[in-house]
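In: Sequence and predicted structure, then a few things I'm wondering about:
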Amino acid sequence: MNNYDIIIVGAGPAGLTAAIYAARASKKVLVLEAKSYGGQIIEAVDIENYPAAMHINGFDLATNMYNQALELKAEIKFEKVIEINEALEVTTTKDKYQAGAIILATGSDHRKLDLPNEDELLGKGVSYCATCDGNFYRGKDVAVVGGGNSALEEALYLSNICNQVYLIHRRDSFRGDQKTLEQIKAKNNVNIILNSNVTKINGTDRLESIELNNNQVLNVSGLFVAVGHIPENENFAKIINLNDNGYIIGNEDCLTNVPGIFVAGDCRTKELRQLVTATSDGAIAAVKAIKYISK
């Protein structure tokens, strides 16, 4: 079995920051990532609220973190973790590893509307990432569903390339950043629809239209769903305490109920899930893990 001082599960901002801090402390570090590095932040077109980075896109920021971790000699392997145990053994789809400490930084995945046709029309009009797929709908009419920062950023981005953007939110006000909302309201091609839900997604081979609970029908070519995220913690539920929403129960010291296992980023219970809090968690979790294995 391959032995490491610290194994980090997840290569988003929290996990990569943890790797940077742990590697700088001369620890043998392994980062395990099931998909691609960067997590959700790679979808951000323009990041304005990260200290000292006035304007940077998410992919570039994540790549900088990734390269920094590699330069500090952290190992990064693209393997899906399927199990961890209280002996701090980590099993992936390819191998098995022994850790002195583990940091869970698995992030979260896109939450769906759970409507008929949603999965069938994925990539055929339904999307969860405007920066990934928005260009396919250049000059067309599209809709964005959601009320947080992600939805506002998606709508703003799409307003620059699409003909008409419908921003649909189930409540009467938005939770997202006020500055972004003001920018959206200044756009002539963004139509805000409040107190409404998407109830039906129409189309066979391609998205043709969507229906709202107020009986309104919108003939759109694209539907961008930005209604939040689901933590990816199900593989750890046997030993790690989760709350009712599936988030790992962890405090500001990034501790879990299992000695030697720490948590960082969007997968843990916290009030604010932002890039800056994810990197903060990564630093804290790494320092706590270093102290744990140094006992």
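Out: Right, received. Where do you want to start? Numbers count the residues shown, from 1 in each chain.

In: Quick check: which helices or strands does the helix ranked longest in the chain pack against?
Out: Assignment by DSSP state H gives helix 275-293 as the longest helix of the chain. Packing partners of helix 275-293 (3 or more Cβ pairs under 8 Å, 6 or more residues apart in numbering; DSSP states H and E): strand 2-9, helix 13-24, strand 96-104, strand 261-263. Quick note: C-beta positions are derived from backbone N, CA and C, even for glycine.

In: Mind checking those for the one nearest to Ile290?
Out: If you check each of the helices and strands packed on helix 275-293 against Ile290 by Cβ to Cβ, helix 13-24 wins as the nearest, at 6.4 Å.

In: Could you point out the helix or strand that follows that closest one?
Out: strand 29-32 (DSSP states H and E).

In: just to revisit the earlier point, check the offset of the longest helix of the chain from the chain's centre.
Out: Counting by Cα atoms, centre = their mean, to the nearest Å, helix 275-293 is centred 18 Å from the centre of its parent chain.

In: Also stretch 106-120?
Out: For stretch 106-120, the distance to the chain centre is 13 Å (Cα atoms, centre = their mean).

In: Could you do stretch 198-205 as well?
Out: 26 Å.

In: returning to that earlier point: got the buried residues for the longest helix of the chain?
Out: For helix 275-293, the neighbour count (16 or more other Cβ atoms under 10 Å) marks 275, 277-290, 292-293 as buried.

In: for stretch 136-156, same thing?
Out: Result for stretch 136-156 [16+ other Cβ under 10 Å]: buried residues 137, 141-156.

In: How many neighbouring residues does the residue nearest to Ala44 when sequence neighbours are not counted have?
Out: Distances taken as Cβ to Cβ, 6 or more residues apart in numbering put Gly58 closest to Ala44, at 3.4 Å, once the chain neighbours are dropped. Per other Cβ atoms under 10 Å, the neighbour tally for Gly58 reads 21.

In: With Glu48 instead?
Out: 12.

In: pretty sure it is touching His55, no?
Out: Yes: Glu48 lies in contact with His55 (Cβ atoms under 8 Å); the separation is 6.3 Å.

In: other SSEs contacting the lowest-mean-pLDDT helix or strand in the chain?
Out: Sorting the helices and strands of the chain by mean pLDDT, DSSP states H and E puts helix 130-133 at the bottom, at a mean of 82. Here helix 130-133 touches helix 149-159, strand 222-225, going by 3+ Cβ pairs under 8 Å, 6+ apart.

In: buried ones in it?
Out: Going by 16+ other Cβ under 10 Å, helix 130-133 has these buried residues: 130-131, 133.

In: which residues sit against that helix?
Out: With contact meaning Cβ atoms under 8 Å, 6 or more residues apart in numbering, helix 130-133 is reached by 43-45, 58, 123, 127, 144, 153-154, 157-158, 222, 224.

In: I'd like the next helix or strand past it.
Out: Counting by DSSP H and E, what follows helix 130-133 is strand 141-145.

In: Which parts of the stretch 151-295 of the chain are helices?
Out: 178-185, 275-293 (DSSP state H, counting those that start in this stretch).

In: Let's have the ones you listed in CSV, adding distance to Ile230 and mean pLDDT.
Out: Formatted as CSV, the helices of the stretch 151-295 of the chain follow (distance: least, Cβ to Cβ, whole Å; pLDDT from 0 to 100):
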stretch, distance to Ile230, mean pLDDT
helix 178-185, 23, 95
helix 275-293, 16, 97
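
In: Relative to Asp109, which of those is closest?
Out: helix 275-293 (15.2 Å).

In: So what sits opposite Thr92 in the bridge?
Out: When assigned by DSSP bridges, Thr92 has beta-bridge partners Val81.

In: what does the one 4 residues further on give?
Out: According to DSSP bridges, the partner residues bridging Lys96 are Thr91.

In: count of neighbours near it?
Out: Lys96: 11 neighbours (other Cβ under 10 Å).

In: does it really touch Glu89, like I thought?
Out: Yes: counting by Cβ under 8 Å, Lys96 does reach Glu89; the two are 6.5 Å apart.

In: residues shared between the contacts of those two?
Out: Met1.

In: Single out whichever of the contacts of helix 130-133 has the smallest pLDDT.
Out: Minimum pLDDT for the contacts of helix 130-133 is recorded at Val45 (73).
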